[in-house]
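Asker: Compute the structure for the input listed below.
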Amino acid sequence: MPYVEIAYDQLPSSVKDNLTEEQWALAQREAILPGEPVPEGTVYVNLKNGLCRQYTTGEAADGPLLPVHDLSGGRGADDTQFRTAPRGTHGPDRRGH
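Answerer: I've put the predicted structure just below:
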């Protein structure tokens, strides 16, 4: 399954301020492609413009999105949310895992 391919330096500042480049490599598997249904009702950040808004489960993504709660370990402080969350917690793994 494809995943969002955006270079770290092309991300909005609001995302880069909360994710290191290494964390972005892990977070890409949680990103939702434009038009895909979001797997859970939560706040998502648009990876093109940095704007955040609440989505409901199943609502179509209006851009490449990342759940805001995935930004919680920014600046290299903690990336356990990408390594320990049970598979499928935020939808299917984009790498087929």
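Asker: Quick check: phi and psi on Y55?
Answerer: Per-residue torsions, Y55: phi -120, psi 150 (degrees, to the nearest 10).
Asker: cool, and N46?
Answerer: Main-chain torsions, N46, degrees, to the nearest 10: phi -80, psi 130.
Asker: wait, it sits on D62?
Answerer: Yes: counting by Cβ atoms under 8 Å, D62 is a contact partner of N46 at 7.3 Å. For glycine as for every other residue, the C-beta is placed from the backbone atoms N, C-alpha and C.
Asker: Give me the more crowded residue out of these two.
Answerer: Between N46 and D62, counting by other Cβ atoms under 10 Å, N46 is the more crowded of the two (19 against 14).
Asker: That one: what's it in contact with?
Answerer: Applying Cβ atoms under 8 Å, 6 or more residues apart in numbering to N46 gives the contacts 12, 52-53, 62-65.
Asker: got a pLDDT number for it?
Answerer: On pLDDT, N46 comes in at 97.
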